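Student: Any chance you could fold what I've pasted below:
(one chain, ligands or ions: 1)
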Amino acid sequence: MSGSIKDTYDNQGFVVLGGLIPPERFEELKAACDRVISRTRNGEWAHRRTVGKQFPPYGDDDSDSWGVQHVMHPDLGESAFAKWYCSDALVEVVTQLLACDAGDLQMELFNLLINPISHSFALRWHRDDVSEKATEQEEQQALAIWHHGVQWNTALYEDRCLYIVPGSHKQPRTPEQRSLSSSQVPPENPLDMPGAIQLTLHPGETVFYNSNILHCATYDSKTPRATLHSCMGDSRGGSTRARNILQHGLEWMTGTSFYDTLDARGKAMLSRLLDLHKSSGGHVGYSLDG
Ligand SMILES: O=C(O)CCC(=O)C(=O)O
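Tutor: I've put the predicted structure just below:
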């Protein structure tokens, strides 16, 4: 089983799994999501993904949101998130996919993806840490080093927002794929992209994916979405993930008030992220424009 999920992940660039939220945790996480979504929509929580802005920095130009940032932040006081992020079930899968030990894992991002409420929104086709302007050779180099981390979406409601091109985590774009992913503009129909598929996640299902797979997403204001959106890294990758992770502004993770909320595994994972933060020496820039 473990061989097969890693093989699928390595070959396709993603794998879908169920059962990573125990039934008794599901309602707890849903209730925590309801509270942070409502604080974000009523303006109490400023760390959000703002409609109209696809990538960080998200700014504040629109009052509608498509995501809640930093759900483990101690100011939110929602312990269910860190408890789940550090849980045995999740750590077991991540270590299999990254072929590392739990003692190598570095804590990274934990955000929440939600439906906007006033109008629908979409993200353009992108790879999370490769510019749309990268040459074929630059794309190849970037893809070759992107195996020290994994990202995942865990749906609490049915989620049909994400589109991906299976296998594109290993291949530079074809000329046609390049022409459909070179502007800042989201696609009118994501399925026009050669090789694209739409993922459907049922409540409780998780897609683990290589975040440099070619992907995009569409958000319908009428369809409830609360999808846990996280990533973890293998600290043996050194600085490879620094820009992509630290661009989200993680100073809040450096204080004792966050550290004190974590269990022993969480504290150890955090300390590996803080080493990366220290060694990056300040502003790392942003992965993408738009
Ligand atoms: O909404 C999603 O599922 C994808 C989000 C995404 O592509 C991103 O954060 O870069």
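
Student: Is it correct that residue 219 is in contact with residue 122?
Tutor: Yes - applying Cβ atoms under 8 Å as the test, residue 219 and residue 122 come out as touching, 6.5 Å apart. (Glycine included, C-beta is placed from N, CA and C.)

Student: tell me the contacts of the closest residue to the ligand within the stretch 1-150 of the chain?
Tutor: When scored by Cβ to the nearest ligand atom, the stretch 1-150 of the chain has residue 113 as its residue closest to the ligand, at 4.6 Å. Listed by Cβ atoms under 8 Å, 6 or more residues apart in numbering, the contact set of residue 113 reads 49, 66, 67, 153, 161, 225, 226, 227, 229.

Student: change it to 7 Å
Tutor: Residue 113 makes contacts with 66, 67, 153, 225, 227, 229, as judged by Cβ atoms under 7 Å, 6 or more residues apart in numbering.

Student: with those in mind, which one is nearest to residue 14?
Tutor: Nearest to residue 14 among these is residue 153, at 9.8 Å by Cβ to Cβ.

Student: Give the helix, strand or coil label for that closest one.
Tutor: Judged by DSSP: H, G, I helix; E, B strand; the rest coil, the three-state class of residue 153 is strand.

Student: count of residues packed around it?
Tutor: Neighbourhood size, residue 153 [other Cβ atoms under 10 Å]: 22.

Student: Please tell me I have it right and it contacts residue 229.
Tutor: Yes - using Cβ atoms under 7 Å, residue 153 is in contact with residue 229, at 5.5 Å.

Student: Now do the helix ranked longest in the chain: which elements does it pack against?
Tutor: Identified as the longest helix of the chain according to DSSP state H is helix 23-41. Helices and strands touching helix 23-41, by 3 or more Cβ pairs under 7 Å, 6 or more residues apart in numbering; DSSP states H and E, are strand 65-68, helix 79-85, strand 105-114, strand 226-234.

Student: Quick one, which of these gets closest to residue 15.
Tutor: The nearest among the helices and strands packed on helix 23-41, by Cβ to Cβ, is strand 226-234 at 14.8 Å.
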